[in-house]
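**Student:** The sequence and its predicted three-dimensional model are supplied below.
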Amino acid sequence: MSDFVTLCSNSEWFKRYPEKQAGEEKKTTSLAFPYTIAGTRKDVEKMFAFLDDTESDLLLLEVEAQAELELLELLKL
């Protein structure tokens with residue numbers, strides 16, 4: 001249980017798995033989310049470079065990301 005708490009504290013997960021971080025970690029003033037990741041599209045593409053068919057996989061990721069954005073816009077209404 002204590003390993004779970006440690007892993008979920010601050011940015012411990014990204015410290016253990018830096019290859020999963022698509023950008024640069026920055027500290028925020030939020031108590032709920034004390035860290036944020038600021039990255040570019042290039043950072044995200046580099047993170048997913050291990051995929052076999054990168055072009056089609058990235059297209060799928062773009063479609064999923066667009067769907068998430070549209071869902072967030074709908075939730076604002």
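**Tutor:** Arrived safely, thanks for sending. None of the values given here were measured: they were computed from a predicted structure.
**Student:** Let's verify Glu45: helix, strand, or coil?
**Tutor:** Here Glu45 is helix, with the state taken from DSSP: H, G, I helix; E, B strand; the rest coil.
**Student:** Excluding chain neighbours, what is closest to it?
**Tutor:** Leu58 (6.6 Å; C-beta to C-beta, 6 or more residues apart in numbering). Bear in mind the C-beta positions are built from the backbone N, C-alpha and C, glycine included.
**Student:** Pull out the buried positions in the strand or helix carrying the one you found.
**Tutor:** Following DSSP states H and E, the helix or strand that holds Leu58 is helix 54-76. Residues Leu58 are the ones in helix 54-76 that count as buried (16 or more other C-beta atoms under 10 Å).
**Student:** So which elements touch it?
**Tutor:** Helix 54-76 sits against helix 41-47, with contacts defined as 3 or more C-beta pairs under 8 Å, 6 or more residues apart in numbering; DSSP states H and E.
**Student:** Could you list the buried residues of the helix it packs on?
**Tutor:** Per 16+ other C-beta under 10 Å, helix 41-47 contains no buried residues.
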